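Peer 1: I'd like to go over a predicted model; first the sequence, then the structure.
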Amino acid sequence: MTFIGGHVGQEDPIGQAVEIGADCAQLFLGDPQGWKAPTFPHPDGAAGLKAAAEEAGVRIYVHAPYLVNVASTNNRIRIPSRKILDQQIKAATEVGAAGLIVHGGAVTKDDDPDVGYDNWRKAFERIQPTLPVLIENTAGGEKSMARSLEGIAKLWDTLADFEVGFCFDTCHAWAAGIEFPEAAARVKAITGRIDLVHANDSQGDFDSGRDRHANFGKGTIGVDNLIECIQLAEAPAVMCETAFPGIAADIALLKSRIS
């Protein structure tokens, strides 16, 4: 079975997941743009959220805050990034999440990219993950760690001694200039597996570097191109990060075409 769902808000995440016909749901645990410790969007805390998800038959994934960048050469970014990543891992484990998604990060234009990859290695040496950590490919940035196929390969070589998973974002891959529909298959040949697909059309053109999601058929990738790419990923779960209310139709389309 492939779990198919979408990114939901924190007001009533499980209720919203059921409303849009999702088998799985992705959410933030707290402010996606802040450094504060995780919070649990349920009156009974982590245990209540976990129980609600189990009762509804919804698999949870947690997305780490966007600010997390463990590759950074800036101590004021890298050190708090490691701390919050560790906090998010523990919080996601408490709610019974199937994985924690985190962006690959980047170094600045004047930095040696090798330092960024080595900083990822150091992060995993200091953190003991209690659930799968899924590194996500990114759309832009000349010195992003997980934008190009070459960068992803370098990151995977660096982290070969650790248990690391991969989250493949279709919009990001398209914006990064990785040819479709074979993009997912080419990434999978590097990482060995894709644990989660972020299924998004793209407002930006191919190789534009623009991280702007669109509902299926409203962007530049094209529905058939998008579906074929997702099928090639052979991932156990597919997550739409598209806009409401169209996300329900995107999920329904995926369910009709992804076995």
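Peer 2: That came in fine, so what should we check first?

Peer 1: how far does stretch 147-159 sit from the chain's center?
Peer 2: Relative to its parent chain, stretch 147-159 has a centroid offset of 16 Å by C-alpha atoms, centre = their mean, to the nearest Å.

Peer 1: what does stretch 102-114 give?
Peer 2: Here the centre of stretch 102-114 is set off from its chain's centre by 18 Å, with C-alpha atoms, centre = their mean.

Peer 1: For that stretch, C-alpha coordinates in PDB please.
Peer 2: Extracted in PDB, the C-alpha atoms of stretch 102-114 (Å, rounded to 0.1, in the frame of the first residue of the first chain):
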ATOM      1  CA  VAL A 102      14.600  18.300   7.000                       C
ATOM      2  CA  HIS A 103      16.000  20.400   4.100                       C
ATOM      3  CA  GLY A 104      19.500  19.700   2.900                       C
ATOM      4  CA  GLY A 105      20.700  23.100   3.700                       C
ATOM      5  CA  ALA A 106      23.500  25.200   2.100                       C
ATOM      6  CA  VAL A 107      26.700  27.100   2.500                       C
ATOM      7  CA  THR A 108      27.300  30.700   1.400                       C
ATOM      8  CA  LYS A 109      28.700  31.600  -2.000                       C
ATOM      9  CA  ASP A 110      32.200  32.100  -0.500                       C
ATOM     10  CA  ASP A 111      32.300  28.800   1.400                       C
ATOM     11  CA  ASP A 112      33.800  25.500   0.300                       C
ATOM     12  CA  PRO A 113      30.900  23.100  -0.200                       C
ATOM     13  CA  ASP A 114      32.900  20.300   1.300                       C
END
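
Peer 1: which residues sit against that stretch?
Peer 2: Residues from elsewhere that reach stretch 102-114, judged by C-beta atoms under 8 Å, 6 or more residues apart in numbering: 63-64, 66, 68-74, 81, 85, 88, 115-116, 120, 133-138, 141-147, 151-152, 154-155. Placement of C-beta: from N, CA and C, glycine included.

Peer 1: tell me the average confidence for stretch 153-166?
Peer 2: Averaged across stretch 153-166, pLDDT comes to 97.

Peer 1: Give me the subset of the contacts of stretch 102-114 lying in strands.
Peer 2: His63, Val133, Leu134, Ile135, Glu136 (DSSP state E).

Peer 1: Now flag whichever of those residues is closest to Ile247.
Peer 2: Using C-beta to C-beta, His63 is the member of the ones in strands among the contacts of stretch 102-114 that lies nearest Ile247, at 15.2 Å.
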